[in-house]
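A structural model of the following input is requested.
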Amino acid sequence: MADDQQYDVIIIGTGAGGGTLAHRLAPTGKRVLILERGGYLPRERDNWESTAVFVKGKYRAPEFWYDKHGEQFPPEVNYYVGGNTKFYGAALFRLRPEDFGEIRHHGGISPAWPIGYDDLEPYYTQAEHLYLVHGHHGEDPGEGPASAQYAHPPVRHEPRIQQLSDDLEKHGLHPFHLPIGVNLTQDAEGGAANGSVCIRCNRVDGFPCLVRGKADAEVICVEPALEHDNVSMVTGANVRRLETDSTGRTVTGVVAEMDDGSEAHFRGDIVVVACGAVNSAALLLRSANEHHPGGLANRSDTVGRHYMRHNNLALMAVSKEPNDTQFQKTLALNDWYLGADDWDYPLGGIQMLGKSDSDQIKGEAPRWAGLASPDMPFEVLAHHAVDFWLCGEDLPQPENRVTLDDDGDIHLALDEKNNIEGLKRLQHKLHGMLSKLGMHPHHLLPHSLYLHKGMPIGATAHQAGTVRFGTDPAASALDVNCKAHDLDNLYVVDTSFFPSIGAVNPSLTAIANALRVGDHITERLG
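A predicted model of the protein is given here:
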């Protein structure tokens, strides 16, 4: 199939980067085509069923990648309109100003960005307002300056989490309301007001939102963009390669495999790749030709390299008192983000996860053998569970990389012990506080089921860094506007462009950067 239209912009992918860019370009009147390899996520009861989502992985893409030893693993990826934002926890943090500069870690150096916090700050504000982020600037003493307050007040803590916040403050720490993107209107008691889209349930984290109350890229950006006559979308279009002209300087064609097995060709003046850090790198590598023998935008040999995914731990503590919380994802703590009184290097941040239920705990039980023996039924354990997410910075290493084999299958090499000492110390900090926080001190269980993984490499939700931007074409694939150094009309706007990843969820930075690049493309189009 050949599409006979010449589009001004073709965007490949509909997640935090691609979906947001489409929203930014929609009002320009330019002809924008969005290509998405998946379809719309089915709206069904299983959206909110723990067994379906976490234990059976019903919505995970039925594909396998290979690790550096050639062993298969199932990656945590979902191919739907809205990308992985359909399943993210909607925690929308800014990177700190320090994250844009060089930071020395115990395990090495986190490199500086070619732009600074001040360059991205206006777009952070726009991104927070667009994605309905609830929070309060000024609560986290280490955050960067903000040009405007959040448009929506913080999601109020439920009683057990408010007690946790109070206990942390009593011990000299600075907990703050987690910035989260939800379409929530709160009543006087903090509950969901009549007419609120979000109902403050316990399904926000890792589940698709059945009532469309989570600020994902489909609801916030793609659907509003498609209301413009100049914007269209083709689903079921798995882009396999990009073609260039005879000079190798211009992308002239986008070739996709359709759901029915046919091949489709699309043409655009500007082509934007936003498939996720692994798949974007794979697409550029698959598009190798005589002018680009190592893959598109890869004269520097950096495409696919410097893969990052955060050093993460999902942990479940057991409260001495019942935890009746439903909407638990309301608190975060960054006191040790850049260091501690007993450690000169960054540790990372702590935030709450969505509330565990008995089905998740039953699914975890085999993994807990030998780690703990809870002397209470699953339902009682779930009723006392308090769930934490610990996030430390993964450092960009050239050997951590995406490659393709002769069959075109994705291989992901990863050093799983890269800069993990800070995360270990962060876990030790939390463990040491449990008794002071009303928790059983000997119960801090690894909640690996939450990560959709049987091995650490499978946790790809925060994937970044494989098509890094920079000012030196010899050491980066993209310029500061996320345009390929080697091509005149190719951009990348997902988290691939990150030269470092900080220790907070990357989604808001991807959204803010997509708005920034959108303004650049709008100016370029005239």
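
Do a quick rundown of the helices in the stretch 1-150 of the chain.
18-25, 50, 117-130 (DSSP state H, counting those that start in this stretch).

Enumerate the positions of the longest one that are buried.
When you say that, I think you mean helix 117-130. 117, 120-121, 123-128, 130 (16 or more other CB atoms under 10 Å). In short, each C-beta sits where N, CA and C put it, glycine included.

State the distance from His384 to Pro322.
Using CB to CB, to the nearest Å, we find His384 at a distance of 6 Å from Pro322.

do Val380 as well
According to CB to CB, Val380 stands 9 Å off from Pro322.

Please apply the same query to Leu390.
Taken as CB to CB, the span from Leu390 to Pro322 is 24 Å.

ok, those two, which is more surrounded?
Each of Leu390 and Pro322 has its neighbours counted (other CB atoms under 10 Å); Leu390 has more, 23 against 11.

Next, that one: secondary structure please.
strand (DSSP: H, G, I helix; E, B strand; the rest coil).

next helix or strand past the helix or strand of the chain with the lowest mean pLDDT?
Least confident helix or strand of the chain, by mean pLDDT, DSSP states H and E, is helix 358-368 with a mean of 69. As assigned by DSSP states H and E, the chain's next helix or strand after helix 358-368 is helix 378-384.

Which elements pack onto that following helix?
If contacts are counted by 3 or more CB pairs under 8 Å, 6 or more residues apart in numbering; DSSP states H and E, helix 378-384 sits against strand 311-319, helix 358-368.

ok, back up a step: what is the nearest of the buried residues of helix 117-130 to Leu444?
Among those, Glu128 lies closest to Leu444 (CB to CB), at 32.3 Å.

What sits closest to the closest one if chain neighbours are left out?
Spatial nearest neighbour of Glu128, excluding adjacent residues (CB to CB, 6 or more residues apart in numbering): Tyr150 at 5.8 Å.

Give me whichever of the helices and strands packed on helix 378-384 is most buried.
Mean neighbour count (mean count of other CB atoms under 10 Å) peaks for strand 311-319 among the helices and strands packed on helix 378-384, with a mean of 23.

Give the pairing partners of that one; include direction for each.
Here strand 311-319 is paired, per DSSP bridges, with strand 385-392 (antiparallel), strand 439-446 (antiparallel).

where in the stretch 251-400 of the chain is pLDDT low?
Scanning the stretch 251-400 of the chain with the threshold set as pLDDT under 70 gives 364-376.

Ramachandran angles for Ala514?
Torsion angles at Ala514 (phi, psi; degrees, to the nearest 10) stand at phi -60, psi -40.

Identify the residues contacting the closest residue to it other than its chain neighbours.
Closest residue to Ala514 apart from its sequence neighbours, by CB to CB, 6+ apart: Thr20 at 4.0 Å. Applying CB atoms under 8 Å, 6 or more residues apart in numbering to Thr20 gives the contacts 127, 130, 217, 221, 510-511, 514-515, 518.

Just send the buried residues of helix 117-130 back as a markdown table, with pLDDT and distance to Met233 too.
Shown next, in a markdown table, are the buried residues of helix 117-130 (pLDDT from 0 to 100; distance: CB to CB, whole Å):
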| residue | pLDDT | distance to Met233 |
| --- | --- | --- |
| Tyr117 | 98 | 33 |
| Leu120 | 98 | 28 |
| Glu121 | 98 | 31 |
| Tyr123 | 98 | 24 |
| Tyr124 | 98 | 27 |
| Thr125 | 98 | 28 |
| Gln126 | 98 | 23 |
| Ala127 | 98 | 22 |
| Glu128 | 98 | 26 |
| Leu130 | 98 | 19 |
